[in-house]
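Participant: Here's my sequence, what's the structure:
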Amino acid sequence: MALASNPREALLQALNDLEEYDFKILKFHLRDGTLLGGPGLARGELEGLSRVDLASRLIAMYGTQEAVKVVLKVLKVMNLLELVDQLSHVCLNDYREIYREHVRCLEERQEEGVDHSYYQLLLVAKPCAGSPILGQEVDSVTVEALFDPGEKPNQGPPTVVIQGSAGTGKTTLARKMVLDWATGALYPGRFDYVFYVSCREVTLLQESTLDQLLIWCCGDSKAPVAEIRRQQPERLLFILDGYDELQRSYAERLRRPGPSPVEDMLHRLIRREVLPLSSLLITTRPLALRNLEPLLKQPRHLHILGFSMEEKERYFRSYFTDEEQARKALDIARGNDFLYKACQIPGICWVVCSWLKGQMERGGVVSEMPSDGTDIFMAYVSTFLPSSDNRDCSKLTRDKVLKGLCSLAAEGIQHQRFLFEEADLEKHNLDGPSLAAFLSSIDYQEGLNIKKFYSFRHISFQEFFHAMSYLVKEDESQLGEGSLREVNRLLDEKKRVVSEEMTLSMQFLLDISKKESSSNFELMFCFKVSPSLKQDLKNFKEQMSSIKHKKTWDLELSLYESNMKNLLKSVQLSDVAFKMVHSKNKKSPSRNLFSVKTSLSNKQKEEQKCPAVDKNNIAETPMEASNGKDRGTKEL
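Facilitator: Below is the predicted model:
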């Protein structure tokens, strides 16, 4: 069969390529309603039909796409495999456009779609997992070059691991990559399908099979998943976003050893036991690397660090639609070294902008400036909790909302859950729609029904409320078994890894324990911290002070500063000035910019043309920005 340009043409060519006897057999099978999954054609309808007439009749009955699928079913029964392969290929070509349109429409329908404003993020290469890179000169990487073969073109299909702490923009980057592929702006001609898999949401799958995963990604129960898997698997890319959110709690693993069915399916994909020729991109927080690393084969490790200084300020100006508010917010941020540096992390920048906007809208004055990440989250939460004098609705008092959010977060962290049903919220006396500043929702279709699920706006909020849950316990005054077990784990010399990153919950709790007085917490959140709990916090602080560990965002901030210093030290002032002037030239349609690449070993400089690299040696990758319309409408 000659190549056809569309399904209608392919259908007619397939019928024309049939021998006369096979054509009669095909018409016989078309009368079988069981085979076709619906009413078959009556014998009288088929009598005397030519190949052209039959094609027209089938298209009139089923539509072009379904008519091709009907004939494809019959050809498989007749075991005419050559025709099946050729017709399947045409179907897949057509289905690629259907899937691309599905991805584009999905982003348009989502309240927090990524196709709004984008910002450049620093994406740098790591030698391998666990290798120290502080103080080293690291190389920027562009998204377009993520799957290039590099120095070892024959090492097999690529596996790329992008790690970064909470809020560094991993999810937004992953979603933007899928959208850019669907619009033809990224990897044109390289991948036939790019499948985005949220490790948080994939646990909702009813069946843990690869075919069900593909159907879920396509949003189509009739998607030709068997053909997608079978034909050219090397042209498939799977993006597994948030591997750290797939992990189950330690207690659950004790009750049921081994991976869950969903974990097992994804692990087989990562280990390349299924679809070994496909490409993989996995995003994760660093803590999950110990579980992920044994599954990987020749991975390429990258670190996502956040905004450049220029992009950070552009984010502020985009978030605040009012120019005067934007100026005030930037002045406040610039006036505090810690706050301004912390805004390099996109998620923290969102929290800071939302907090400042909330304060401005309420006419409040920012008197105390945050001195650490915990202070930033405390300021945000205190701003958007119901006011302490709210007596209109007993369900929305400040105290009840805080305790409900804390107990929901703690239960989720303990059981490694990040999605909650409405019944879970009711159990904790929470009303999801009224808490948009803290919770976001998704609608999930389960058969004919649509179920609503809630999650914290970002995992960092869930871990903050988890830490706060130790302070607002009503039934016991001590920290609780969970936190004490975590402290003991970190204190255990045999299990502890040097420079291990602390969990975000533990970092929040440690910051709280370092405060000179708990009066600020009590005043801000309207609750009393018991004397015994204050003593627990003091003991906790003393124990943790003996441990060498990394705070969650420290690596990104240090790497960013180190990378920028290395660059500035290695070029002359004239070079920097030239690069700054040149990088502002936006006329080039290819968006190729010059950067100065320097070798520190021999002090020789060379000008090199690099795609999508700005004056700070930043790889152009997307980051969603809030449009400033509502404080609770944008994710971190």
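
Participant: make it CA atoms for all contacts and neighbour counts henceforth
Facilitator: Will do.

Participant: in which helix or strand would I find Leu237?
Facilitator: strand 236-241 (DSSP states H and E).

Participant: what's next to that strand, contact-wise?
Facilitator: 170-171, 174, 191-199, 278-284 (C-alpha atoms under 8 Å, 6 or more residues apart in numbering).

Participant: at 10 Å what do you get?
Facilitator: Applying C-alpha atoms under 10 Å, 6 or more residues apart in numbering, the contact partners of strand 236-241 are 158-162, 170-175, 177-178, 190-202, 228-229, 266, 269-270, 275, 277-284.

Participant: what's the average pLDDT for it?
Facilitator: On average, the pLDDT along strand 236-241 is 97.

Participant: Quick check: closest non-adjacent residue to Gln445.
Facilitator: Lys451 (6.2 Å; C-alpha to C-alpha, 6 or more residues apart in numbering).

Participant: A strand includes the one you found, no?
Facilitator: Yes: under DSSP: H, G, I helix; E, B strand; the rest coil, Lys451 falls within a strand.

Participant: In contact with it, which residues?
Facilitator: Taking C-alpha under 10 Å, 6+ apart, one finds Glu421, Glu422, Ile442, Asp443, Tyr444, Gln445 in contact with Lys451.

Participant: next one: phi and psi at the first one?
Facilitator: This means Glu421. The phi and psi values for Glu421, taken as degrees, to the nearest 10, are phi -80, psi 170.

Participant: shouldn't it be in contact with Lys452?
Facilitator: Yes: counting by C-alpha atoms under 10 Å, Glu421 sits close enough to Lys452 to count as a contact (6.5 Å).

Participant: shared neighbours, the two?
Facilitator: Residues within reach of Glu421 and of Lys452 at once, by C-alpha under 10 Å, 6+ apart, are Ser441.

Participant: if we can go back for a sec, neighbouring strands for the strand holding Leu237, and are they parallel or not?
Facilitator: If you go by DSSP bridges, strand 236-241 pairs up with strand 193-198 (parallel), strand 279-284 (parallel).

Participant: Name the stretch among these that sits most buried.
Facilitator: strand 279-284 (a mean of 23; mean count of other C-alpha atoms under 10 Å).

Participant: what mean pLDDT would you report for that strand?
Facilitator: Mean predicted confidence for strand 279-284 is 96.

Participant: now do stretch 423-441
Facilitator: Averaged across stretch 423-441, the pLDDT comes to 93.

Participant: again, but for stretch 220-230
Facilitator: 85.

Participant: do the same with stretch 505-520
Facilitator: Mean predicted lDDT for stretch 505-520 stands at 74.

Participant: ditto for stretch 355-362
Facilitator: Mean per-residue pLDDT for stretch 355-362: 91.

Participant: And the strands in the stretch 51-200 of the chain?
Facilitator: With strands called from DSSP state E, counting those that start in this stretch, the stretch 51-200 of the chain shows them at 121-126, 159-163, 193-198.

Participant: Report the secondary structure state of Gln445.
Facilitator: Applying three-state DSSP: Gln445 is strand.

Participant: if I look at it, how far off is Ala423?
Facilitator: 17 Å (C-alpha to C-alpha, to the nearest Å).

Participant: what do you get for Ile459?
Facilitator: From Ile459 to Ala423 the distance is 20 Å (C-alpha to C-alpha).

Participant: any chance you could map the strands in the stretch 251-400 of the chain?
Facilitator: With DSSP E, counting those that start in this stretch as the criterion, the stretch 251-400 of the chain has strands spanning 279-284, 299-307.

Participant: Now tabulate those in a markdown table and tack on distance to Gln86.
Facilitator: Written out in a markdown table, the entries for these read as follows (distance: least, C-alpha to C-alpha, whole Å):
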| stretch | distance to Gln86 |
| --- | --- |
| strand 279-284 | 25 |
| strand 299-307 | 35 |
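
Participant: Quick one, which of these gets closest to His89.
Facilitator: Closest to His89 of those, according to C-alpha to C-alpha: strand 279-284, at 20.6 Å.

Participant: and the angle from the closest one to strand 299-307?
Facilitator: Angle, strand 279-284 to strand 299-307, by axes from the mean of the first three to the mean of the last three C-alpha atoms, to 10 degrees: 50 degrees.

Participant: CA atoms only: put strand 279-284 into CSV for me.
Facilitator: This file holds the C-alpha atoms of strand 279-284, laid out as CSV (Å, rounded to 0.1, in the frame of the first residue of the first chain):
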residue,chain,number,x,y,z
SER,A,279,13.4,8.7,26.7
LEU,A,280,12.8,9.6,30.3
LEU,A,281,12.9,12.9,32.3
ILE,A,282,12.4,12.6,36.0
THR,A,283,12.0,15.6,38.4
THR,A,284,12.6,15.1,42.1
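
Participant: ok and that strand relative to strand 159-163, angle-wise?
Facilitator: Going by the same axes, to 10 degrees, strand 279-284 makes 20 degrees with strand 159-163.

Participant: Let the chain start at 569 from now.
Facilitator: Done: numbering now begins at 569, and the last item shifts to strand 847-852.

Participant: chain center to strand 847-852, what's the gap?
Facilitator: Computed by C-alpha atoms, centre = their mean, to the nearest Å, the separation of strand 847-852 from the middle of its chain amounts to 10 Å.

Participant: ditto for stretch 733-745
Facilitator: 5 Å.

Participant: follow-up on the earlier one: between Ile1027 and Ala991, which one's more packed in?
Facilitator: Ile1027 (17 against 11; other C-alpha atoms under 10 Å).

Participant: how close does the residue lying closest to the more buried one once chain neighbours are set aside get to Ala901?
Facilitator: Distances taken as C-alpha to C-alpha, 6+ apart put Ala734 closest to Ile1027, at 7.1 Å, once the chain neighbours are dropped. Distance, Ala734 to Ala901, using C-alpha to C-alpha: 21 Å.

Participant: Give me the domain ranges for this protein.
Facilitator: Domain assignment for the chain by the TED database gives 575-661, 665-698+724-875, 877-937, 962-1043+1051-1114.

Participant: Would you reformat the ones you listed as a markdown table and include distance to Thr710?
Facilitator: A markdown table is the format used below for the domains of the chain (distance: least, C-alpha to C-alpha, whole Å):
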| stretch | distance to Thr710 |
| --- | --- |
| domain 575-661 | 29 |
| domain 665-698+724-875 | 7 |
| domain 877-937 | 16 |
| domain 962-1043+1051-1114 | 26 |
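
Participant: So which of those domains is nearest Ala713?
Facilitator: domain 665-698+724-875 (9.3 Å).

Participant: Between the two ends of that closest one, how far is it?
Facilitator: Domain 665-698+724-875: ends 34 Å apart by C-alpha to C-alpha.

Participant: How far away from the center of its chain is that domain?
Facilitator: Distance, centroid of domain 665-698+724-875 to centroid of chain: 8 Å (C-alpha atoms, centre = their mean).

Participant: surely Leu924 meets Arg895?
Facilitator: No: Leu924 lies out of contact with Arg895 (C-alpha under 10 Å); the separation is 11.5 Å.

Participant: Can you pull the residues that touch both of the two?
Facilitator: By C-alpha under 10 Å, 6+ apart, the residues touching both Leu924 and Arg895 are Phe888, Ala901.

Participant: out of those two, which sits in the busier spot?
Facilitator: Between Leu924 and Arg895, Leu924 has the larger neighbour count (other C-alpha under 10 Å), namely 26 against 14.

Participant: Quick check: the gap between that one and Ser1008.
Facilitator: Taking C-alpha to C-alpha, one finds Leu924 at 20 Å from Ser1008.

Participant: Next: Val969.
Facilitator: Distance, Val969 to Ser1008, by C-alpha to C-alpha: 16 Å.

Participant: same question, Lys968
Facilitator: 19 Å.
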